[in-house]
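Peer 1: Here you go, sequence then predicted model.
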Amino acid sequence: MAVLFRPCGDLFAAPAPRCARDRALHAYLTERLGRAVTHQPGSDVDYEDWTEPACMLEAALRSGLEVKILPRQPLTKAINAPDIVIEGRPCRDMLIGRSLASDPRNADWLNLGWPSACNDLANHYAETEAFHAFAGRRMVLADMPGETARLRSSSHLSRTGSNGDLEEAIRGFAGQRCFVKVVWPAKTEAPFKLDVPAGCSRGTAKGLFLDATGYLSAAREGDRDAILVQEHVEMRHETRFFVINGQIVTGTGCIERDTPAQNPEGLTFSGRSEVRRNDGRVGIYPAQASVLQAHAEGFVAALAEEAPELAHYAVDCALKADGTPVVIELNPIAESGLYAASHMQLFAAIVAAAELEPERHADYAVSEHVARLGTTTVADEEMDIDAFAFD
């Protein structure tokens, strides 16, 4: 019973260090693993992709728990042939580091304590009262046009905000720009903007959507609660909060080049953010951070009351141009990018949550991710939850 860790790429081929914290991380891993973890000049290793899971490995090793470093194979194979075993205290089996598409299918067979069986439930955030109350912008949850093409397991969450009619949802933004996002199946398509003409008809609305989506409309025909049509607003100081057992554990600005190495003090909330995503204006903004944290705490409390089964997730918040805080979206926490979060605090919370996770069995079928993946053929590729960020 151990911490199962899957690295991103070659664990021993580190990216070029950017700070003293990176050099210390490489030295610590070298000492504990008994093999040099170093950067080879001329090698092309993605800094963020490699460093985020490496920091989680550091947290696991410093905890004193047994750690098994896995090859990039499905869990059912990798767990029986780990690359390295670092002895330590036993614990509930939990997977950290990079995720593969096959992991959810194998989690029940292996009775993992982490990721939780409720991990994928975060993808249904748009079906909750709490999200619509804290979103801070006008939106409608709608169905994909057409007859239902396939069965979908019922969600434990409410269907708030859905009028079921995509054309009418788009027409509701006539004379404006709206932002259209596929929320089920989550992260399958990039979101896009539509400039909806004044006096837009149903036919025009449908045409706008079909022109923007193409094959998607046919492939997902009839999917319920699949499309979130929302007011387009500029987001500033985007910040991610990590929630475990209905409590915020740590939070950090959504800065693409940041990792936990950029939070050497291990601050729970550093106040560090970027004014607009990828604009380079990174700084410490305590006033904005305080507003965002308060908004996130209010949302987390409301969601816990409405949907206690949705216990673990990452929630992204931001400020509109006028300073109004909004909730952008939720993501499954096990696949969410860490940015400069406190990896030590996050790992400690994961361990505690894993020990409380109910026993899982191979015939477990109530979590929707199991039902959905069981009917879909997916390549065993690394999951990238942040591929389609809000714009």
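Peer 2: Noted; the coordinates are in hand.
Peer 1: Which elements pack onto the top strand by length along the chain?
Peer 2: Scanning the chain for the longest strand, with DSSP state E as the assignment, gives strand 236-244. For strand 236-244, the contact count by 3 or more CB pairs under 8 Å, 6 or more residues apart in numbering; DSSP states H and E identifies strand 247-253, strand 272-274, helix 286-306, strand 313-319, helix 343-356 as packing neighbours. C-beta here means a position set from N, CA and C on the backbone, and glycine is covered the same way.
Peer 1: nearest to D223, of the ones you listed?
Peer 2: Nearest to D223 among the helices and strands packed on strand 236-244 is strand 313-319; the distance by CB to CB comes to 21.8 Å.
Peer 1: on that earlier part again, and the helices and strands packed on strand 236-244 as a markdown table, adding distance to A198 and mean pLDDT?
Peer 2: As requested, these are exported to a markdown table (distance: least, CB to CB, whole Å; pLDDT from 0 to 100):
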| stretch | distance to A198 | mean pLDDT |
| --- | --- | --- |
| strand 247-253 | 38 | 98 |
| strand 272-274 | 35 | 95 |
| helix 286-306 | 33 | 97 |
| strand 313-319 | 29 | 98 |
| helix 343-356 | 48 | 97 |
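Peer 1: Next, format these as a markdown table and append distance to G146.
Peer 2: A markdown table is the format used below for the helices and strands packed on strand 236-244 (distance: least, CB to CB, whole Å):
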| stretch | distance to G146 |
| --- | --- |
| strand 247-253 | 40 |
| strand 272-274 | 40 |
| helix 286-306 | 30 |
| strand 313-319 | 30 |
| helix 343-356 | 40 |
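Peer 1: how long is stretch 90-105 end to end?
Peer 2: Start-to-end span of stretch 90-105 (CA to CA, to the nearest Å) is 24 Å.
Peer 1: picking up where we left off before, quick one: which of the helices and strands packed on strand 236-244 is nearest N80?
Peer 2: N80 lies closest, by CB to CB, to one member of the helices and strands packed on strand 236-244: helix 343-356, at 20.4 Å.
Peer 1: got a list of contacts for that closest one?
Peer 2: Under the criterion CB atoms under 8 Å, 6 or more residues apart in numbering, residues 55-56, 58-60, 62-63, 65, 91-92, 94, 96, 112-114, 116, 242, 244-245, 247, 249-250, 260, 266, 268, 311-312, 338 lie in contact with helix 343-356.
Peer 1: Which members of those are classed as buried?
Peer 2: Neighbour counting by 16 or more other CB atoms under 10 Å classes 55-56, 58-60, 63, 65, 91-92, 94, 96, 112-114, 116, 242, 244, 249-250, 260, 268, 311-312, 338 among the contacts of helix 343-356 as buried.
Peer 1: which residue packs closest to M139, ignoring adjacent ones?
Peer 2: Q230 (3.7 Å; CB to CB, 6 or more residues apart in numbering).
Peer 1: Shouldn't that neighbour be within a strand?
Peer 2: Yes. Counting by DSSP: H, G, I helix; E, B strand; the rest coil, Q230 is found in a strand.
Peer 1: Contact partners for it?
Peer 2: Each residue near Q230 by CB under 8 Å, 6+ apart is listed here: A135, R137, R138, M139, V140, C178, F179, V180, K181.
Peer 1: Sitting in helices, which of these do you find?
Peer 2: Of these, none are assigned to helices by DSSP state H.
Peer 1: Mind checking which of those are buried?
Peer 2: For the contacts of Q230, a neighbour count by 16+ other CB under 10 Å gives the buried set as A135, R137, M139, V140, C178, F179, V180, K181.
Peer 1: The fourth one contacts G172, correct?
Peer 2: Read that as V140. Yes. Shown here, V140 and G172 form a contact pair, counting by CB atoms under 8 Å, at 6.4 Å.
Peer 1: any common contacting residues for those two?
Peer 2: When CB under 8 Å, 6+ apart defines a contact, the residues bordering V140 and G172 alike are V229.
Peer 1: For the chain, give me the ranges with low pLDDT.
Peer 2: With pLDDT under 70 as the threshold, the chain has low-confidence stretches at 148-163, 362-391.
Peer 1: and P53, what helix or strand is that in?
Peer 2: Here P53 is covered by helix 47-63, with elements defined by DSSP states H and E.
Peer 1: Quick check: neighbours of the helix or strand following that helix in the sheet, parallel or antiparallel?
Peer 2: Of the helices and strands lying after helix 47-63 in sequence (DSSP H and E), the nearest is strand 67-69. For strand 67-69, the paired strands and their directions (DSSP bridges) are strand 3-6 (parallel), strand 84-86 (antiparallel).
Peer 1: which residues are in contact with strand 67-69?
Peer 2: 2-7, 11, 33, 57, 60-61, 79, 82-86, 88.
Peer 1: Buried subset of the residues you listed, written for PyMOL?
Peer 2: Isolation of the buried members of the contacts of strand 67-69 (16+ other CB under 10 Å) is achieved in PyMOL through the command below:
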select buried, resi 2+3+4+5+6+7+11+33+57+60+61+79+82+86
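Peer 1: Nearest to L208, out of the helices and strands packed on strand 236-244?
Peer 2: Proximity of the helices and strands packed on strand 236-244 to L208 was assessed by CB to CB; the nearest stretch is strand 313-319, lying at 26.1 Å.
Peer 1: Pairing partners for that closest one, with directions?
Peer 2: Here, using DSSP bridges, strand 313-319 pairs with strand 236-244 (antiparallel), strand 325-331 (antiparallel).
Peer 1: Redo the ones you listed as JSON lines? Include distance to L356.
Peer 2: As requested, the strands paired with strand 313-319 are exported to JSON lines (distance: least, CB to CB, whole Å):
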{"stretch": "strand 236-244", "distance to L356": "10"}
{"stretch": "strand 325-331", "distance to L356": "21"}
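Peer 1: And those strands: which comes nearest A307?
Peer 2: strand 325-331 (10.7 Å).
Peer 1: Tell me what angle that closest one forms with helix 286-306.
Peer 2: Orientation note: strand 325-331 sits at an angle of 60 degrees relative to helix 286-306 (axes from the mean of the first three to the mean of the last three CA atoms, to 10 degrees).
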